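1. Predicted model follows, preceded by the sequence.
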Amino acid sequence: MSQDCLLLNGNGRPVSYLPLSVLNWKTAIKLSITRDVIVIKEHADWVVRSPSVEMKVPSILMLQSYHPFHSYVKFSRTNVFLRDLYTCQYCFDIFEKKDLTMDHVVPKCRNGGSNWENVVTACKRCNLQKSDKDIRPKVEPIKPTLRHLIRGHQIDKSNFPDREWNKYIFQS
């Protein structure tokens, strides 16, 4: 899906940082026609036409009212990888997501749970070598905060279709 329009919450900040709240151009147009959103900025040189209507494509939309979201971090495979910065916690090499696994520090066969304090990112080779042995990762796993995950996540500014997005995403 293309990422043509940034969606902001009612407070002027992205609805979501991980993943960044972006919409394709078709959804952005539908929302600007049918929903309670405010068009903050339109793409300067992008117009869509129908036989009876001509519209500029929105670049930044903002919800008219603020919708709170939880600041807790959901335990998930992707969030474990983000917490560990896609780095195997045994060999400390960095991998692509497809080459990583989640490893239970205390194995499941020894009643190790699937939670933040017992799961780490491991490459496939290290996870196989560890198996159910008692080997500790180089960094003890912790439950991250949302700020921790956002700090570790690199948002690629060069892929933004509009430079103005920086002002809303990287505000302090």
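-> On my side now, so go ahead.

2. What's the first helix or strand after the top helix by length along the chain?
-> If you go by DSSP state H, the chain has its longest helix at helix 25-34. Next helix or strand after helix 25-34 toward the C-terminus (DSSP states H and E): strand 37-49.

3. which of the residues in that next one are buried?
-> Using 16 or more other CB atoms under 10 Å as the test for burial, strand 37-49 gives 37, 39-43. To be clear about C-beta, it is placed using only N, CA and C from the backbone, and glycine gets the same treatment.

4. what separates Ile33 from Ser21, distance-wise?
-> As judged by CB to CB, to the nearest Å, Ile33 and Ser21 stand 19 Å apart.

5. Other residues contacting the worst-scoring helix or strand of the chain on mean pLDDT?
-> Within the chain, no helix or strand scores below helix 146-152, which has a mean of 75 by mean pLDDT, DSSP states H and E. Helix 146-152 is contacted from outside by 17-18, 71-73, 79, 82-83, 85, using CB atoms under 8 Å, 6 or more residues apart in numbering.
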